[in-house]
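Chemist: I would like the atomic coordinates for the input below:
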Amino acid sequence: MSKLVPPHGGGSLKPLLLPSIERGPALKRAQGLKKVPMTSRETSDVIMLAMGAYTPLDGFMGKADWQGVCAEMKMANGIFWPIPITLSTDEALAGSISVGEEVALVDGETGAIMATLEVSEKYAIDRAFESQHVYRTTDPKHPGVAKVLEQGAVNLGGRVSALSEGVYPDKYKRLYLRPAESRAAFAEKGWSRVAAFQTRNPMHRSHEHLVKIAVEVTDGVFIHQVLGKLKEGDIPAEVRTEAIDAMIAGYFVPGTVIQAGYPIEMRYAGPREALLHALIRQNFGCSHLIVGRDHAGVGSYYGPFDAQHIFDTLWPGALVTQPLKIDVTFYCKKCYGMATAKTCPHGTESQINISGTKQREMLSKGEPIPPEFSRPEVVEILRKYYASL
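Modeler: Now for the predicted structure:
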């Protein structure tokens, strides 16, 4: 019997990817259905559904789930869920689709059929309602709100049958672990207390310090990087992977860390997204999520520790995976090492604050990266990447 945390909702994992033997006939049938083009985020969500990362969802949310999730972080069945997982389309296409009809869901960028949807509901979107509740703002400059404002006027709800995981399995190979596979890897190592570390950057010394704190109090750490669409200027996943591999090989005890990636597209919803990240990591088998400063935030929309505080507002049993709340980390010149405000008594004049944004700026300008910022093996890999641009 597994000692890992159960999947969200208390049941079994629910991957929606059809068995390989069924995919060919299903794809052939889907080619004759009405096509609903998806945004990159919706395509990402289909792949998350396919791999079981969104357990216990069986498709895109209907109106009652959408309203409940936005307003109370709770689906109609009472199960906790912090951010709506929805599929939108324009009024004209929605008007041509009947409830009960099966439609093909198409990657809007490649034209590939990703899934079929058995439409159970069509409902109008209240963009201001969703934006204010999920993102705490209706400011169109917020990237998550901008996505809400850009989407179609009607949501289609219903059961999804996934036909593809896109390019991810072939492109990322060993990095692309499904929840069932990460759970098997943890069980093989004998891990039960597993902390996840979310990243979309090559890891600098602050990131390394966060992970080492987690290694001290758990059986192991799951470094889980974002493989979905990121912001312009972010470093590609292949480069990140090489840099993180170098850091793990040089600065961690063998067998204490597993690196993997997953296909989510960031929403930058700050506190709500931290909750979604924890829920997803529960499905991957993680008992904890490392939550540092401004987790999944953007700009100045959220307080630096709002993503930690929101976990304290949940009702008992809402979520099994818990946050590892860690203070701001920095290099202290008097301590001669990495520290946090809880462990270092020295003032800000002794602190070197480490920023991924600052590191990217220095690399793009060809400036030297101090060893307090990043490990030399990591810097060498990043310099090669920037030199190739």
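Chemist: low pLDDT regions in the stretch 51-200 of the chain?
Modeler: Scanning the stretch 51-200 of the chain for pLDDT under 70 picks out nothing.
Chemist: before we move on, what about the stretch 201-350 of the chain?
Modeler: Short version for the stretch 201-350 of the chain, where the test is pLDDT under 70: 230.
Chemist: Run through the helices of it in chain order.
Modeler: 205-217, 237-251, 271-284, 306-309 (DSSP state H, counting those that start in this stretch).
Chemist: Go through those and name the closest to residue 381.
Modeler: helix 237-251 (4.7 Å; CB to CB). Any C-beta I mention is one placed from the backbone N, CA and C, and that applies to glycine too.
Chemist: so what secondary structure elements neighbour that closest one?
Modeler: Judged by 3 or more CB pairs under 8 Å, 6 or more residues apart in numbering; DSSP states H and E, helix 237-251 is in contact with strand 220-226, strand 257-262, helix 376-387.
Chemist: just the strands in the stretch 251-389 of the chain please.
Modeler: Secondary structure of the stretch 251-389 of the chain, counting by DSSP state E, counting those that start in this stretch: strands at 257-262, 288-291, 322-325, 329-332, 337-340, 351-352.
Chemist: and what of the stretch 101-250 of the chain?
Modeler: 102-107, 113-124, 154-162, 194-199, 220-226.
Chemist: contacting residues around the third one?
Modeler: Yep, that's strand 154-162 we're talking about. 15-18, 26, 36, 46-47, 49-50, 58-63, 65-66, 86-91, 94, 97, 103, 105, 114-125 (CB atoms under 8 Å, 6 or more residues apart in numbering).
Chemist: Check which residues of that strand are buried.
Modeler: For strand 154-162, a neighbour-count test (16 or more other CB atoms under 10 Å) marks 154, 155, 156, 157, 158, 160, 161, 162 as buried.
Chemist: domain parsing for this structure?
Modeler: 20-168, 174-387 (automatic domain parsing).
Chemist: and the shortest one, how far apart are its ends?
Modeler: End-to-end span of domain 20-168 (CA to CA, to the nearest Å): 16 Å.
Chemist: hang on, the earlier thing: which of the helices and strands packed on helix 237-251 is buried the deepest?
Modeler: strand 220-226 (a mean of 24; mean count of other CB atoms under 10 Å).
Chemist: Read off the pLDDT value for the closest residue to residue 192 other than its chain neighbours.
Modeler: Spatial nearest neighbour of residue 192, chain neighbours left out: residue 3 (3.8 Å); criterion: CB to CB, 6 or more residues apart in numbering. Looking at residue 3, its pLDDT reads 93.
Chemist: what about residue 3, which helix or strand?
Modeler: Taking DSSP states H and E as the definition, residue 3 sits outside all helices and strands.
Chemist: That one: neighbour count?
Modeler: 13 (other CB atoms under 10 Å).
Chemist: Quote the end-to-end distance of stretch 261-272.
Modeler: End to end - CA to CA - stretch 261-272 spans 21 Å.
Chemist: next one: stretch 225-237
Modeler: Per CA to CA, the first residue of stretch 225-237 is 8 Å away from its last.
Chemist: what's the distance between that stretch and the middle of its chain?
Modeler: 11 Å (CA atoms, centre = their mean, to the nearest Å).
Chemist: Residue 273 versus the spatially most central residue of the chain, what's the distance?
Modeler: The C-alpha lying nearest the average C-alpha coordinate of the chain belongs to residue 264 (CA atoms, centre = their mean; 4.8 Å). For residue 264, the distance to residue 273 (CB to CB, to the nearest Å) stands at 10 Å.
Chemist: what touches both of those two?
Modeler: Here residue 264 and residue 273 have no joint contacts, going by CB under 8 Å, 6+ apart.
Chemist: I'd say residue 363 and residue 382 touch.
Modeler: Yes. Between residue 363 and residue 382 there is a contact under CB atoms under 8 Å: 5.5 Å.
Chemist: hang on, the earlier thing: return the most buried member of the helices of the stretch 201-350 of the chain.
Modeler: helix 271-284 (a mean of 26).
Chemist: Check which helices and strands that one is in contact with.
Modeler: helix 179-189, strand 194-199, strand 220-226, strand 288-291, helix 306-309, strand 322-325.
Chemist: Could you check how far the second one is from the centre of its chain?
Modeler: Strand 194-199 sits 11 Å away from the centroid of its parent chain (CA atoms, centre = their mean).
Chemist: Over to the fifth one?
Modeler: Taking CA atoms, centre = their mean, one finds helix 306-309 lying 17 Å from the centre of the chain it belongs to.
Chemist: still on that earlier bit, out of the helices and strands packed on helix 271-284, the one nearest residue 137 is which?
Modeler: helix 306-309 (12.5 Å).
Chemist: Against which helices or strands is the closest one packed?
Modeler: helix 271-284.
Chemist: how close does residue 300 sit to residue 256?
Modeler: From residue 300 to residue 256 the distance is 36 Å (CB to CB).
Chemist: So for those two, which sits in the more crowded spot?
Modeler: Just comparing residue 300 and residue 256: by other CB under 10 Å the higher neighbour count belongs to residue 256, 18 against 8.
Chemist: Surely the more buried one is in contact with residue 215?
Modeler: Yes. If you go by CB under 8 Å, residue 256 and residue 215 touch, sitting 5.1 Å apart.
Chemist: returning to what we had before: can you tell which of the strands of the stretch 101-250 of the chain is closest to residue 348?
Modeler: strand 194-199 (25.6 Å).
Chemist: Quick one: residues in contact with that closest one.
Modeler: 4, 186, 207, 210-211, 214-215, 217-226, 240, 244, 277, 281, 284-290, 295-296, 321, 324.
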